[in-house]
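Novice: I need the structure of the sequence given here:
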Amino acid sequence: TPILLFFQTVPKISIAPLFLVWFGVGVTPKILVAFLISFFPIVIDTAVGLRSISPDMIDLARSMGATKTQIFSRFRLPNSLPYVFSGLKVASTLAVVGAVVGEFVGADKGLGYLLLVANSNLLTALMFGTIVALTAQGLILFYLIQVLETWLIPWHITVRSGHEHGTM
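Specialist: As a prediction, this is how the structure comes out:
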């Protein structure tokens, strides 16, 4: 929708300082920035997944007397799950970026803050260590979602073949 497109195009880093003014220094601005950066891949992939089901499948379900709720729960939702997980995996790595951006703007602790301090004081070893820790966080989140995907949708081709659909 145009409203979603509008909010997606707003540079999230540019509104991070506003969150700091509105909500003060603390966890809330970081969470909001991470949420905003992560939100759109999930929404867009979910919408694509919900619409990607074959019209013939929906027609068949209707011809057999399925209600809208049954069509959603038994056809659209299961069909959209691979797309949802694809969006979640992308969002999990972006959430780490969002948290760092939130900490760049106004934090006095956290890995993003530590990265800024290391950069300001030319502490290269600390910068690389922090980057490794942030990378590990993103990878751990990504693989936790992948494990959850394998558990919840073992029937999907990407799980059966060992290949990832639309991901790294």
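
Novice: when you work out contacts or count neighbours from here on, use the C-alpha atoms and nothing else.
Specialist: OK.

Novice: neighbours of Ala107, how many?
Specialist: 21 (other CA atoms under 10 Å).

Novice: shaky segments in the chain?
Specialist: Applying pLDDT under 70 to the chain picks out residues 1, 157-168.

Novice: which SSE is the residue nearest the centre of the chain in?
Specialist: In the chain, the centroid-proximal residue (CA atoms, centre = their mean) is Ala91; its distance is 1.6 Å. Ala91 is located in helix 77-106, with elements delineated by DSSP states H and E.

Novice: which elements pack onto that helix?
Specialist: Under the contact criterion of 3 or more CA pairs under 8 Å, 6 or more residues apart in numbering; DSSP states H and E, helix 77-106 touches helix 12-23, helix 27-51, helix 111-120, helix 124-152.

Novice: so which other helices or strands are in contact with the first one?
Specialist: What it means is helix 12-23. If contacts are counted by 3+ CA pairs under 8 Å, 6+ apart, helix 12-23 sits against helix 27-51, helix 77-106.

Novice: which ones are touching the residue nearest to the centre of the chain?
Specialist: 37-39, 41-42 (CA atoms under 8 Å, 6 or more residues apart in numbering).
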